[in-house]
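Engineer: The following block contains a protein sequence and its predicted model.
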Amino acid sequence: MKWKTKDGVSIEVKNMHTEHIKNILKMYESKGYIGQKTFDFYFTCKPPQGDIAQLAFETELMAIIECPVSIWIDIFEKELEKRKEKNENLCV
């Protein structure tokens with residue numbers, strides 16, 4: 001998958017610097033975006049039991065519905081996880 005930089009340059013996610021990916025994720029977070037995975041979770045998970053837990057869940061759900069969604073968040077988080085696992089395996 002290719003990311004297009006603000007300068008219009010296309011770059012494969014796997015070739016991006018880790019700090020660049022982290023900065024993009026911070027930018028998305030500062031603008032209120034969530035990943036598709038998070039959005040989907042709230043609509044597929046089993047609602048919690050108990051009045052207070054249900055109220056809290058419904059409050060979160062209403063906030064989630066208002067958030068813009070970007071698949072890039074999931075793509076970048078997955079890439080960071082791969083890199084983390086790779087580095088952990090190298091240290092063994």
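Structural biologist: Received it, and whenever you're ready, just let me know what you need. Numbers count the residues shown, from 1 in each chain.

Engineer: any idea how far Asp51 is from the residue most central in space within the chain?
Structural biologist: Nearest to the mean C-alpha position of the chain, counting by Cα atoms, centre = their mean, stands Ile73 at 3.5 Å. To Asp51, Ile73 is 32 Å away according to Cβ to Cβ, to the nearest Å. The way it works is simple: take the backbone N, C-alpha and C, and place the C-beta from them, glycine included.

Engineer: Would you map the helices across the protein?
Structural biologist: 18-30, 36-44, 51-66, 71-90 (DSSP state H).

Engineer: right, and those - which one's nearest Lys2?
Structural biologist: Among the helices of the chain, helix 71-90 comes nearest to Lys2, with 10.5 Å by Cβ to Cβ.

Engineer: Just want the angle from the helix or strand of the chain with the lowest mean pLDDT to helix 18-30.
Structural biologist: The weakest-scoring helix or strand in the chain, judged by mean pLDDT, DSSP states H and E, is helix 71-90 (a mean of 90). Here the directions of helix 71-90 and helix 18-30 differ by 140 degrees (axes from the mean of the first three to the mean of the last three Cα atoms, to 10 degrees).
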